[in-house]
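Colleague: I would like the atomic coordinates for the input below:
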Amino acid sequence: MPNADDPDGGRLRAHVEACVPGLRVRHAVPTPGGWDSDALVVNGRLLFRFPRGREAEAGRLAKERSLLAELARTCQ
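Modeller: Predicted structure coming up:
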């Protein structure tokens, strides 16, 4: 379920628009987050995840960033 503090994803959408100025956000849909993060699907094709706290960012999401970087190198 979307974050109870931001049920329509407006806060997350504003954050994406501020951090990715070249991206035209036509629509944004909050999705069920995980234990440690909230998620927003933008334009039906991009997924943005937001850690819920420093522990989450330092833990699972840091491992995920490392894995995605390795996958990017492998898939090129």
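
Colleague: residues contacting Gly44?
Modeller: Neighbouring residues of Gly44 by CB atoms under 8 Å, 6 or more residues apart in numbering: His27. Every residue, glycine included, has its C-beta placed from N, CA and C.

Colleague: same check, this time on the one 4 residues further on
Modeller: Remark: with contacts taken as CB under 8 Å, 6+ apart, Phe48 is in contact with Leu12, Val16, Ala39, Leu40, Val42.

Colleague: Which of the three states applies to the residue nearest in space to the middle of the chain?
Modeller: Centre of the chain computed as the mean C-alpha position; nearest residue by CA atoms, centre = their mean is Arg49, 1.6 Å away. Here Arg49 is strand, with the state taken from DSSP: H, G, I helix; E, B strand; the rest coil.

Colleague: if I look at it, how far off is Thr31?
Modeller: Using CB to CB, to the nearest Å, Arg49 is found at 9 Å from Thr31.

Colleague: Name the residues contacting each of these two.
Modeller: The contact sets of Arg49 and Thr31 overlap at Ala39 (CB under 8 Å, 6+ apart).

Colleague: Between the two ends of stretch 36-47, how far is it?
Modeller: By CA to CA, to the nearest Å, the extent of stretch 36-47 from end to end equals 15 Å.
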